[in-house]
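Asker: below are the sequence and a predicted model for it; my questions follow.
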Amino acid sequence: MDEPTHPAEGPPLPAGVPELFELPREREEVAPGAVHVPGWLDPEQQRELVVRCRAWASGPAPLRHAVLPGGGRMSVRSATLGRDREPYRYRRTGPGTRAPAVPQDLRELGRRAVAEAYGPGAPAAQGYHPDTVLVNFYDAAARMGMHQDRDEASAAPIVSLSLGDACVFRFGNTLTRSAPYRDLELRSGDLFVFGGPSRYAFHGVPRIRPGTAPAGLGMRGGRLNLTLRMTGRAPAHGDRAPRDRAPRDRAPRDRAPRD
Ligand SMILES: O=C(O)CCC(=O)C(=O)O
Ligand SMILES: [Fe+2]
């Protein structure tokens, strides 16, 4: 059976029709506080981030499948920068490692990303000091189920950067993991920031589009996603990030598996 066409794609182009005819991808506020900026990172920045991810993955921050509370294994492989202890909800396979601190230029990139999304004068941008980076690697078959990012004690925005193959990114609502949601395509270099009223929206990655990474990026295949976060927890080694007072009125934690 044919793969269903993604709603954002429209009808498939006849073979041989060049990208020239693709609609330009516009910056969009997908929901209040959730902003998609296509192509925010230029090709050189993308290449450099890929090189750095590879260095972390082959050294201090190996990418591993996390194990779900029920014993299942996530299809995504991930690593965390900036915290020694696993700040997220799943245990990882393999021995623990000492996570490298978040490099200063990545923290600054995170702040610029929030300024890009909300405007340079926005308070969320001025006070943005990400102390953790979660690196996710998706092979062609990997996916991530609908979930909320609630393991941070801070309600500061989440900054997401995509590299490599494009994916379908499903961005939903704050109440349920099901509809209404929007499916959008995140491509290499895209920025997605979600904060404010969308900070606790359910989201997930139902599918990767193999073979869509830009030529010259330096990835053989797959998708890397970096999420920069303010955990609002005590600083890990090397961190100087101020604590962010989290609102106390958050909904109960959602512990359902992400995958
Ligand atoms: O890969 C993505 O775009 C999303 C990753 C994500 O939602 C997460 O790690 O919590
Ligand atoms: Fe997430």
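Answerer: That came through, no problem. Numbering: from 1, shown residues only. Ligands and ions are numbered 1, 2, ... in the order given.

Asker: what about the residue of the chain found nearest ligand 1, which helix or strand?
Answerer: For the chain, the residue closest to ligand 1 is Asn225, as judged by C-beta to the nearest ligand atom, at 3.3 Å. In this view, the C-beta of every residue, glycine as well, is placed from N, C-alpha and C. When elements are assigned from DSSP states H and E, Asn225 belongs to strand 223-229.

Asker: quick one on the thing from earlier: check contacts around the residue of the chain closest to ligand 1.
Answerer: Counting by C-beta atoms under 8 Å, 6 or more residues apart in numbering, Asn225 makes contact with 135-136, 138, 160-163, 167, 186, 205.

Asker: could you redo the last one with a cut-off of 7 Å?
Answerer: Counting by C-beta atoms under 7 Å, 6 or more residues apart in numbering, Asn225 touches 136, 160, 162.

Asker: distance of Leu41 from Ser162?
Answerer: Leu41 sits 9 Å away from Ser162, going by C-beta to C-beta, to the nearest Å.

Asker: do Asp151 as well
Answerer: Following C-beta to C-beta, the distance that separates Asp151 from Ser162 is 21 Å.

Asker: looking at these two, which is more packed in?
Answerer: More crowded of Asp151 and Ser162, by other C-beta atoms under 10 Å: Ser162, with 27 against 16.

Asker: what sits opposite the closest residue to the more buried one other than its chain neighbours in the beta ladder?
Answerer: Distances taken as C-beta to C-beta, 6 or more residues apart in numbering put Leu186 closest to Ser162, at 4.4 Å, once the chain neighbours are dropped. Legend: beta-bridge partners of Leu186 under DSSP bridges are Cys167.

Asker: correct me, but Leu186 touches Cys167?
Answerer: Yes - at 5.4 Å, Leu186 and Cys167 qualify as touching, with contact defined as C-beta atoms under 7 Å.

Asker: please enumerate the strands of the stretch 51-200 of the chain.
Answerer: 64-67, 73-81, 91-92, 132-138, 144-147, 158-164, 166-171, 182-186, 191-194 (DSSP state E, counting those that start in this stretch).

Asker: so for Gly33, which of these sits nearest?
Answerer: For those, proximity to Gly33 was assessed by C-beta to C-beta; strand 191-194 is nearest, at 6.3 Å.

Asker: just the CA trace of the closest one, in CSV.
Answerer: What follows is strand 191-194, C-alpha atoms only, in CSV (Å, rounded to 0.1, in the frame of the first residue of the first chain):
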residue,chain,number,x,y,z
LEU,A,191,14.2,26.1,14.7
PHE,A,192,11.2,25.4,16.8
VAL,A,193,10.6,27.1,20.1
PHE,A,194,7.7,26.3,22.4
